[in-house]
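Q: Okay, sequence plus prediction incoming.
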Amino acid sequence: MYFVVFCCALSAQETTGRVHAVIISGGMNKLMNHERYWNDCAFLYRTLRQDCRFARQDITLLISDGGEPERDMLLADGSGFATSPADLDGDGERDVWLPATIAQIESSLNELAAQLTTNDHLFVFLMDHGGRDDNQQSYAWVWGGERLYDTRLAQLLDNFHVASTGIVVGMCYSGGFIEELQADNRVIVASCADNEQSWACRDKPYDEFVYHWTCAIAGHDPDGNAVSADTDGDGYVTMSEAFSYARQHDRREETPQYSSTPLALGEQWSLSKHLGNGISESWVESKEERDYKYYDLLGRAVATPLDAERKYLKKPNAKQSFRPSPIIIIYPQSR
Ligand SMILES: [Ca+2]
Ligand SMILES: [Ca+2]
Ligand SMILES: [Ca+2]
């Protein structure tokens, strides 16, 4: 419940580290774009907005035809096609504006890479049909029937200069993405091994692994029934905890995969921090140990996180002055 503050030697102005989320679901085409992909994305979007307190502008959505009125989705009950709703959380406001084509994915990721800084963190969720070619390279079938290869996604993510990246890939053969995406300060979760298919839930219109993974992050299922994946009870569901929960609850014939570099990152990286989202301070401490300090809301150095929390608690209105989804509040030392 405390704000953790450390100074950044590189920055001369106030910066706010935050997580930016990118949700991608191509679906290939109208015939193949299952309603459950939309459900996976909408559940995750609601989780990020309502449970993890992401601001709207901190989520990029690239979903099938981009919210255009044409029918682009095969209904789960087999009754035909529909347009995938552009309003993911049912609040009456359109959320989806961008199609999940190769061109748009590249353009959006390149734009984001130019905007995010070393104080920021990136989260990428990729759900789709997946394939594997003769060279054992995995890919996702994005909108328009094009292939987004693991190698291409790796290139796009390498353009980012963020502090850390969390990635969830849920397609068939998604485990094949791990080798290409592995890098320092990345934690990667895949729904199956590189030579396996990944499956839908048998009893609900979602995909099995990502359904349980999102339940873990949300702390509840889409109907509001409580889920507890916070194994160590510290109030944060980390990538490691969410993966363990989803793997344990996965009822299909698939072998979920996990990679964290360094290993401790996935045990700290969380989208569900109480006050906004983010990784906890201990990882930052190890990364920025020399420059690490705690500050209260007035920018005065204090000794411990508890001191920072006490100062915070004395200012009940101060909460509103922060962005809805800070990961860590960072001030320069001179503040
Ligand atoms: Ca549509
Ligand atoms: Ca909406
Ligand atoms: Ca925990």
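A: Yes, it's here. Numbers count the residues shown, from 1 in each chain. Ligands and ions are numbered 1, 2, ... in the order given.
Q: Only C-alpha atoms from now on, for both contacts and neighbour counts.
A: Noted.
Q: Can you point out the buried residues in stretch 70-81?
A: Residues of stretch 70-81 classed as buried by neighbour count (16 or more other CA atoms under 10 Å): 72, 73, 74, 75, 81.
Q: How about that stretch and ligand 1, any contact?
A: Yes. Applying CA under 5 Å from the ion, one finds stretch 70-81 touching ligand 1 at 70, 71, 72.
Q: does the first one really touch residue 83, like I thought?
A: Spelled out, it's residue 70. Yes. Using CA atoms under 8 Å, residue 70 is in contact with residue 83, at 5.7 Å.
Q: For the chain, just list every one of the strands.
A: With DSSP state E, the ranges of strands along the chain come out as 15-25, 59-63, 73-74, 81-82, 121-127, 129-132, 138-142, 146-149, 164-169, 186-190, 257-261, 294-295, 301-302, 326-330.
Q: How is this structure divided into domains?
A: Per automatic domain parsing, the domain ranges recorded for the chain read 19-268, 281-335.
Q: Could you give the separation between the terminal residues of the first one?
A: With CA to CA, to the nearest Å as the measure, the ends of domain 19-268 fall 14 Å from one another.
Q: Tell me the residue of the stretch 151-300 of the chain that sits nearest ligand 1?
A: Closest contact between the stretch 151-300 of the chain and ligand 1, by CA to the ion, is at residue 205 (18.6 Å).
Q: Excluding chain neighbours, what is closest to that residue?
A: Distance criterion CA to CA, 6 or more residues apart in numbering; nearest residue to residue 205, sequence neighbours excluded, is residue 36 at 4.8 Å.
Q: Ok, residue 33 next?
A: In this structure, residue 33 finds its nearest non-sequential neighbour in residue 27, 4.0 Å apart by CA to CA, 6+ apart.
Q: What residues does the stretch 51-200 of the chain have near ligand 2?
A: Within the stretch 51-200 of the chain, the positions near ligand 2 by CA under 5 Å from the ion are 87, 89, 91, 93, 94, 95.
Q: What's the local residue count around the third one?
A: If I follow you right, that is residue 91. By the measure other CA atoms under 10 Å, the count of residues near residue 91 is 8.
Q: Also the fifth one?
A: A count of nearby residues for residue 94, using other CA under 10 Å, gives 13.
Q: Next one: the nearest residue to it once chain neighbours are set aside relative to residue 19, how far apart?
A: The shortest distance from residue 94 to any residue other than its chain neighbours is 4.4 Å, reached at residue 87 (CA to CA, 6+ apart). Distance of residue 87 to residue 19, computed by CA to CA: 22 Å.
Q: Between these two, which has more neighbouring residues?
A: residue 19 (31 against 15).
Q: Looks like that one contacts residue 118 (just checking).
A: No. Under the criterion of CA under 8 Å, residue 19 makes no contact with residue 118, lying 11.2 Å away.
Q: Show me the shaky parts of the stretch 51-200 of the chain.
A: Of all residues in the stretch 51-200 of the chain, none has pLDDT under 70.
Q: Do you have the helices of it handy? List them.
A: 102-115, 150-158, 176-181 (DSSP state H, counting those that start in this stretch).
Q: Mean neighbour count, those helices: which tops it?
A: Stretch with highest mean neighbour count among the helices of the stretch 51-200 of the chain: helix 176-181 (a mean of 21; mean count of other CA atoms under 10 Å).
Q: what sits up against it?
A: 136-139, 150-151, 153-154, 169, 188-190, 193-195, 259 (CA atoms under 8 Å, 6 or more residues apart in numbering).
Q: Run through the residues that contact the residue nearest to residue 33.
A: Counting by CA under 8 Å, 6+ apart, residue 27 touches 33, 34, 37, 64, 128, 129, 141, 142, 143.
Q: Restricting to C-alpha, output stretch 177-188 in PDB.
A: Extracted C-alpha coordinates of stretch 177-188, given in PDB (Å, rounded to 0.1, in the frame of the first residue of the first chain):
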ATOM      1  CA  PHE A 177       7.500 -17.900 -29.400                       C
ATOM      2  CA  ILE A 178       9.500 -18.200 -26.200                       C
ATOM      3  CA  GLU A 179      12.900 -18.800 -27.700                       C
ATOM      4  CA  GLU A 180      12.700 -15.800 -30.000                       C
ATOM      5  CA  LEU A 181      11.200 -13.500 -27.400                       C
ATOM      6  CA  GLN A 182      13.500 -14.300 -24.500                       C
ATOM      7  CA  ALA A 183      15.600 -11.300 -23.400                       C
ATOM      8  CA  ASP A 184      16.700  -9.600 -20.300                       C
ATOM      9  CA  ASN A 185      13.800  -8.200 -18.100                       C
ATOM     10  CA  ARG A 186      11.100 -10.200 -19.900                       C
ATOM     11  CA  VAL A 187       8.700 -12.700 -18.500                       C
ATOM     12  CA  ILE A 188       6.900 -14.800 -21.100                       C
END
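Q: And residue 224, how far from residue 100?
A: Noted for residue 224: a distance of 29 Å to residue 100, by CA to CA.
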